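In: Fold the following.
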Amino acid sequence: MQWSGPAGSAGDRHWRGSARLAVSCALAFGVVSVLVDWDAGSLTPLRTLLWLTLSAAVCAVLLPPRVSAGPGWLAVRTPWRRRVIHTDALAAVRQYDGVSSHLVLRDVHGHRLELDPRMLAANPLLWHELDTGVRRSLEHGTLRLGADVMARLGDHIDHEAVQAVLRASGLS
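Out: Okay, here's the model as predicted:
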């Protein structure tokens, strides 16, 4: 069964596998916890509820955000909330490097969202939607901060794509 978002939308093509891994890890944690507690002879209904609750928390923490995009918008959905920005009305783009590199995008309406730039490199359709929105923001004059960040990110993504094609063709 395919996820059907709004017409003309693109989504993270690796999300299902990552979500499946998160659920599997949480399920394994819950089963092992209950089995160890049962083997120790200390399993009670209250402790079983505790282990199930902790397993649900592990799943919620490990579940990756679901990113989707369409003409003029980009959305990031987590288990707790959904954030949407207008990519054709971006005001600022910042990239923070370090242990967990992430992009922070703000639009002129005051909406803000964060996402991992590696996810954009792994999903060309999402990158295309964001890049198209950035170009429209530049045309409209709303993007005042971060055009250089997006240009560097675009060059990096293009370089990775070229390297992948060369590796696949055996030329590299």
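In: ok, then the element right after the helix or strand hosting Ala91?
Out: Following DSSP states H and E, one finds Ala91 within strand 90-96. Using DSSP H and E, the next helix or strand after strand 90-96 towards the C-terminus is strand 102-107.
In: contacts for the helix or strand following that next one?
Out: Sequence-wise, the next helix or strand downstream of strand 102-107 (DSSP H and E) is strand 112-115. Residues from elsewhere that reach strand 112-115 (C-beta atoms under 8 Å, 6 or more residues apart in numbering): 65, 67, 74-76, 83-85, 102-106. Placement of C-beta: from N, CA and C, glycine included.
In: Which other helices and strands does the helix or strand just after strand 112-115 contact?
Out: Going down the chain from strand 112-115, the next helix or strand is helix 117-122, by DSSP H and E. Helices and strands touching helix 117-122, as assessed by 3 or more C-beta pairs under 8 Å, 6 or more residues apart in numbering; DSSP states H and E, comprise strand 102-107, helix 124-140, helix 147-169.
In: How many residues are close by Trp51?
Out: Applying the criterion other C-beta atoms under 10 Å, we find 19 residues in the vicinity of Trp51.
In: which SS state does it fall under?
Out: helix (DSSP: H, G, I helix; E, B strand; the rest coil).
In: give the contact list for it.
Out: 30, 33-34, 37.
In: Summarise which helices and strands the helix ranked longest in the chain is packed against.
Out: Taking DSSP state H as the criterion, the chain has its longest helix at helix 15-39. Where contact means 3+ C-beta pairs under 8 Å, 6+ apart, helix 15-39 is packed against helix 45-62.
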